[in-house]
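Task: produce atomic coordinates for the following.
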Amino acid sequence: MADPKSDAASTVRSFVARVKKRKKGVDLDSSLYSEGIGLDSLDVAELSAVLEDEFGSDPFSVGLMPETVGDIVAFYDETPAAEP
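The predicted structure follows:
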């Protein structure tokens, strides 16, 4: 079974690389906004859709506003995986 922590972090890193928001590495402490990765509201909506497609849920649609990549990873670490 895949590790939700590494899968979620990998999905966020792939998204950031695709939207070309950050030149240097993305780690768990990286802020999603402003001086961090620099996501704007459209990027957040797109990331939310990507996470929903990949994992069946996302922290943004359940009312959370993650501030860091680690917050997103923690959401999936604490959320039980959906049954196939």
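
Leaving out the residues flanking it, which one is nearest to the residue most central in space within the chain?
Central residue of the chain (CA atoms, centre = their mean): Val12, 4.3 Å from the mean position. Leaving aside its chain neighbours, Val12 sits nearest to Val69 (5.2 Å; criterion: CB to CB, 6 or more residues apart in numbering). For glycine as for every other residue, the C-beta is placed from the backbone atoms N, C-alpha and C.

ok, and what's touching the least confident helix or strand in the chain by mean pLDDT?
Lowest by mean pLDDT, DSSP states H and E among the helices and strands of the chain is helix 4-19, with a mean of 85. Residues from elsewhere that reach helix 4-19 (CB atoms under 8 Å, 6 or more residues apart in numbering): 22, 26, 28, 37, 39, 43, 46-47, 50-51, 54-55, 69, 72-73, 75-77, 79, 81.

Export only the CA atoms of it, formatted as PDB.
The C-alpha trace of helix 4-19 is given here as PDB (Å, rounded to 0.1, in the frame of the first residue of the first chain):
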ATOM      1  CA  PRO A   4      -0.200   8.800   1.800                       C
ATOM      2  CA  LYS A   5       2.500  11.200   3.200                       C
ATOM      3  CA  SER A   6       4.900  10.600   0.300                       C
ATOM      4  CA  ASP A   7       2.100  10.400  -2.300                       C
ATOM      5  CA  ALA A   8       0.600  13.800  -1.200                       C
ATOM      6  CA  ALA A   9       4.000  15.500  -1.000                       C
ATOM      7  CA  SER A  10       4.900  14.100  -4.500                       C
ATOM      8  CA  THR A  11       1.500  15.300  -5.900                       C
ATOM      9  CA  VAL A  12       2.100  18.800  -4.500                       C
ATOM     10  CA  ARG A  13       5.700  18.900  -5.800                       C
ATOM     11  CA  SER A  14       4.500  17.800  -9.300                       C
ATOM     12  CA  PHE A  15       1.800  20.400  -9.300                       C
ATOM     13  CA  VAL A  16       4.300  23.200  -8.300                       C
ATOM     14  CA  ALA A  17       6.700  22.100 -11.000                       C
ATOM     15  CA  ARG A  18       4.000  22.100 -13.600                       C
ATOM     16  CA  VAL A  19       2.700  25.600 -12.800                       C
END
